[in-house]
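In: Show me the folded form of this:
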Amino acid sequence: MIFPEQVTIRDVTLRDGLQNESVFVETEQKIEKVKEIIAAGFKRIEVTSFVHPKWVPTMQDADELGQRLPIILGVEYEALVPNKRGLDRFLQSNFHSAVLFLSASTAHNQANVNKSTEESLEEVTELIAITNKEGRKTVGAISTAFVCPFSGEVPYEEVEKVAEALVNSGVNELGLGDTIGKATPRQIYEYSSRILEKFPDVPLSLHLHDTYGYGLANVMAGIQAGVRLFDVAQAGLGGCPYAPGSPGNIQASKVVQLLEKQNINTGLDIDQILKLDIEFPKLLGSSKVLTKTV
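Out: Numbers count the residues shown, from 1 in each chain. Here you go, the predicted model:
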């Protein structure tokens with residue numbers, strides 16, 4: 001087995017962790033949580049999404065966050081960008097990286113953004129070109145890269161086709177998402193290995209959910225395949241509103257403990273992360289319930 005000296009952990013709590021919640025966490029509280037996440041040692045933080053607030057009201061303060069996040073040397077902020085309008089907003093912000101996403105499964109892509117995967121590919125490749133021209137980093141996030149909630153297991157060839165189009169468009173980083181947590185360690189290993197072999201010069205991340213308890217095993221499978229960047233959420237929060245059965249990102253504290261016990265350095269403070277395990281659920285419990293009119 002392979003045990004690298006170090007891996008990078010990206011925090012996605014404030015975006016993927018909160019997007020599916022029925023409450024709105026105030027902007028000031030989010031900024032405070034960003035500071036606490038940074039204090040725990042995280043250098044890459046996915047903060048929000050420039051989606052229309054009608055569809056995901058928990059992300060309604062994306063523009064304000066993009067102006068008010070603390071500027072700290074070595075810390076990179078990322079935001080999800082769904083379309084050209086979202087990119088226009090992103091480019092007016094201080095975010096470092098645009099996470100441009102689409103699904104390998106057309107059924108999920110249709111449910112998520114009301115477009116086929118091919119239609120989304122055309123749009124995303126254009127957004128990559130614009131973002132790169134503006135000097136910002138681009139991350140190509142491929143959702144349902146393993147299993148789709150509507151059509152089942154996604155053939156590897158469909159994933160590679162999307163990845164190749166993104167790479168050819170100049171994307172800086174690829175990400176594979178186990179959107180509903182049904183991928184097995186073997187599937188994680190095989191898909192990740194083949195993507196890394198096909199595109200050796202493009203960094204690859206894994207976005208895993210722990211819906212069925214496979215999360216930590218899938219982290220280790222990814223490491224064996226050569227992946228060195230993983231997404232986590234504090235307290236295991238998260239889920240996609242357009243993917244039934246998706247709740248539960250892999251929990252930051254469990255991932256860090258697993259890796260550090262194997263002498264795989266994460267650069268993170270486990271004591272601070274364990275505090276966040278407690279604080280985030282409390283924060284949600286004290287936040288304002290969203291109404292359908294937002």
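In: ranges for the helices of the protein?
Out: Read by DSSP state H, the chain holds these helices, from start to end of the chain: 27-39, 62-68, 84-91, 106-113, 117-133, 156-168, 185-198, 215-225, 252-260, 270-285.
In: What lies in contact with the first one?
Out: For helix 27-39, the external contacting residues (CB atoms under 8 Å, 6 or more residues apart in numbering) are 11, 13-14, 25, 45, 47, 61, 64-65, 68-70, 72, 75, 234, 269, 272, 275-276, 279-280, 283, 287. (Each C-beta comes from the backbone N, C-alpha and C, glycine too.)
In: Low-confidence stretches in the stretch 101-250 of the chain?
Out: 239-247 (pLDDT under 70).
In: picking that back up, which of the contacts of helix 27-39 are buried?
Out: With burial judged by 16 or more other CB atoms under 10 Å, the buried subset of the contacts of helix 27-39 is 11, 13-14, 25, 45, 47, 61, 65, 69, 75, 234, 272, 275-276, 280, 283, 287.
In: Could you export stretch 160-170 as CSV, CA atoms only?
Out: What follows is stretch 160-170, C-alpha atoms only, in CSV (Å, rounded to 0.1, in the frame of the first residue of the first chain):
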residue,chain,number,x,y,z
GLU,A,160,-13.4,10.4,-19.2
LYS,A,161,-15.2,12.1,-22.0
VAL,A,162,-16.2,14.9,-19.8
ALA,A,163,-12.7,15.1,-18.2
GLU,A,164,-11.0,15.2,-21.6
ALA,A,165,-13.2,18.1,-22.8
LEU,A,166,-12.4,20.0,-19.6
VAL,A,167,-8.7,19.4,-19.9
ASN,A,168,-8.7,20.4,-23.6
SER,A,169,-10.4,23.6,-22.6
GLY,A,170,-7.6,24.5,-20.2
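In: Can you list the buried residues in that stretch?
Out: In stretch 160-170, counting by 16+ other CB under 10 Å, buried: 160, 162-163, 165-167, 169.
In: wait, which of those is closest to G238?
Out: G238 has its nearest neighbour among the buried residues of stretch 160-170 in V162, at 22.3 Å by CB to CB.
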